[in-house]
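>>> Sequence first, then the predicted structure, then my questions.
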Amino acid sequence: MSAMLEELEAQALKLPPGERGELVRRLLISLDGEPEDTPEEIAQAWDEEIARRVAEIDAGTAVLIPSEEVFAEIDAMLRKAAL
């Protein structure tokens with residue numbers, strides 16, 4: 001890590017949580033651009049997606065994968081990426 005990055009991190013960590021969150025938001029926008037939807041619209045979309053997934057689970061139509069399998073697959077992907 002460069003000295004400048006380390007100094008920026010040290011300064012950022014001294015900020016109150018709300019200001020750190022705002023800094024993160026601004027940095028993400030600098031990488032990804034402004035979100036197309038408002039925070040409320042994004043939250044609504046997530047609520048709808050969660051409701052849809054819960055309904056699929058309740059109806060028995062969702063394909064559930066045991067967490068052990070998911071974590072094993074992630075571990076394998078990380079090992080492969082490290083090569």
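Received, thanks. Numbering: from 1, shown residues only.
>>> all helices for this protein, in order.
Counting by DSSP state H, residue ranges of the helices within the chain are 3-13, 17-32, 39-59, 67-82.
>>> Now tabulate those in a markdown table and tack on mean pLDDT and mean neighbour count.
Glycine gets a C-beta too; all of them are placed from N, C-alpha and C. Conversion of the helices of the chain to a markdown table gives the following (pLDDT from 0 to 100; neighbours: other C-beta atoms under 10 Å):
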| stretch | mean pLDDT | mean neighbour count |
| --- | --- | --- |
| helix 3-13 | 95 | 10 |
| helix 17-32 | 95 | 10 |
| helix 39-59 | 97 | 10 |
| helix 67-82 | 95 | 9 |
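>>> tell me the centre residue of the chain?
When C-alpha atoms, centre = their mean is applied to the chain, the residue found nearest the centroid is L28 (11.3 Å).
>>> L31 versus L8, what's the distance?
Distance, L8 to L31, by C-beta to C-beta, to the nearest Å: 15 Å.
>>> before we move on, what about D58?
Taking C-beta to C-beta as the measure, D58 and L31 are separated by 38 Å.
>>> same check, this time on E48
As it turns out, when the distance is counted by C-beta to C-beta, E48 lies 26 Å from L31.
>>> Give me the domain ranges for this structure.
What automatic domain parsing lists as the domains of the chain is 3-32, 39-82.
>>> mind listing what V63 touches?
Under the criterion of C-beta atoms under 8 Å, 6 or more residues apart in numbering, V63 has no contact partners.
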